[in-house]
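*Asks:* Would you be able to build a 3D model of this:
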Amino acid sequence: MRCSGITRGGARCRLGATHGSYCYQHSPETVEERRRNASRGGKAGGNGRPGRGEVTEAKGFVRGLVNKLIKGEVERDTATAAFMGLNVLARYIELERKIKEQDELEERLTELENAQPDNTGGGYRQWHR
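*Replies:* This is a model prediction of the structure:
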């Protein structure tokens, strides 16, 4: 069974329903858990920034690989394949950053929407999409 959640783009979520009729990302039951995990994920990277640890590790690997390549300790084809893999890793790190950023913005918007009184007057702007 597919998740009945709707993506930011307005399409139905393509993931399988694992929490009732929703996936983990859309389930109202997992909001607090996702928030805690996002907070921990940001701190795990070092210096409180998401992905910082992975980036530092990848940079160290690249430096080491370049040094080995220059010294002739590693074949050019092997280094090329490793750099291709690192390029894919870099794209995934960036994608993960964007997803975390969108999740945080969505949570903040939901909190703002929930904090607003019903649109029954008082000059409040309706926040519904």
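*Asks:* ok, how many other residues are close to C3?
*Replies:* 22 (other C-beta atoms under 10 Å). Any C-beta I mention is one placed from the backbone N, CA and C, and that applies to glycine too.
*Asks:* how close does it get to L69?
*Replies:* Per C-beta to C-beta, to the nearest Å, C3 is found 45 Å from L69.
*Asks:* Show me how the chain divides into domains.
*Replies:* 1-44, 50-103 (automatic domain parsing).
*Asks:* Out of those domains, name the one with the poorest average pLDDT.
*Replies:* Of all the domains of the chain, mean pLDDT reaches its minimum on domain 1-44 (a mean of 80).
*Asks:* Would you map the helices across this protein?
*Replies:* For the chain, the helices defined by DSSP state H cover 31-44, 52-71, 76-115.
*Asks:* Which strands or helices does the last one pack on?
*Replies:* It stands for helix 76-115. Contacts defined by 3 or more C-beta pairs under 8 Å, 6 or more residues apart in numbering; DSSP states H and E place helix 76-115 against helix 31-44, helix 52-71.
*Asks:* For L112, find the nearest of these.
*Replies:* Set against L112 and scored by C-beta to C-beta, the helices and strands packed on helix 76-115 come closest in helix 31-44, at 14.7 Å.
*Asks:* just to revisit the earlier point, save the helices of the chain as TSV, and put in mean neighbour count and distance to R12 too.
*Replies:* Converted to TSV, the helices of the chain look like this (neighbours: other C-beta atoms under 10 Å; distance: least, C-beta to C-beta, whole Å):
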stretch	mean neighbour count	distance to R12
helix 31-44	13	20
helix 52-71	13	32
helix 76-115	12	17
